[in-house]
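What follows is a predicted protein model with its sequence.
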Amino acid sequence: MIFTFQAELTGGAYMPESRVSRTIRIGGSATLNDLCFTLLKSIGFDHAHLYSFHMDGVPYGYGGYYGMPSHPGDRSAKEKLFRLKLKAGDSFLLIYDFGDDWQFRFTVWKVEDASGNIPAAVVDAVGTVEQYPDWEDEDEEEMDIDYDDSDGSMYSGSPGSGSCLPSFSFREGSFTLSA
C-alpha cells in the first residue's frame, strides 16, 4: 500500500504570509512517526519536540497519537499507516512543538496497492517557513518598551499614558508585578 498525502501548514507561532505545503508519498508500513519526520525534514524543522496526530482533526482532542522523537515506544512510533484504514479524501491534523503550536492539515490524495518496503519521498514542495526566525534585527523602539536598568524595572509606556500593560521589576532573588 502506498499513500500520497498533501500536508499544508495551517497554524503556528511564525506563520509565513505565503502558502507552505508538501506532497508526500510513503508506504503503508511506515509509521505516523515516519510521516512526521518526513514532513519536518522537508521543511527544514528539527525533530526534537513533542507532537501529536489527531485523526478527527480536533487539536489536542481525545485519542490523539502523541509522540516524542527520542521515545520509539510512543503510540505514533508504533502505529503503521495501513492500520489506520485511510482512504482518499480523509484528513487529519499534526501538531508539532506544543509551545510554537505548528499545525499541519494532512489530506489523503491517493491510496495505491503495492507491496514491499516503499521509501518516503517528497514529490512536491510549495513555500518555505522558518522554525526559529532570527529576531535580532527587530527594532526595540517598534515594541514601545522602556527599560531603565538603574533600578531594574521594565515597563511599556509611561504612567498615565493609557498603557494597559503592567510594569515589571526584576531584582536579584525577587520578581514584582504591578498593574
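Ah, there it is.

Domains in the protein, by residue range?
By the record's domain assignment, the chain is partitioned as 2-126, 140-178 (automatic domain parsing).

wait, is Ser76 part of a helix?
Yes. Looking at Ser76 with DSSP: H, G, I helix; E, B strand; the rest coil, it is inside a helix.

Distance check, the residue nearest to it when sequence neighbours are not counted against Gly127.
Counting by Cβ to Cβ, 6 or more residues apart in numbering, Gly67 is the residue found nearest to Ser76 once chain neighbours are left out, at 3.4 Å. Where C-beta positions appear, they are placed from N, C-alpha and C, glycine not excepted. Using Cβ to Cβ, to the nearest Å, one gets 25 Å for the distance from Gly67 to Gly127.

Need the distance between the two termini of stretch 118-134.
The first residue of stretch 118-134 is 37 Å away from its last residue (Cα to Cα, to the nearest Å).

one step back: would you mind telling me which of Gly67 and Gly127 has the busier surroundings?
Neighbour tally, Gly67 and Gly127, criterion other Cβ atoms under 10 Å: the higher count belongs to Gly67, 26 against 14.

Return the residues in contact with that one.
With contact set as Cβ atoms under 8 Å, 6 or more residues apart in numbering, Gly67 has these partners: Leu32, Asn33, Cys36, Leu50, Tyr51, Ser52, Phe53, Asp74, Arg75, Ser76, Ala77.

Thank you kindly, that will do.
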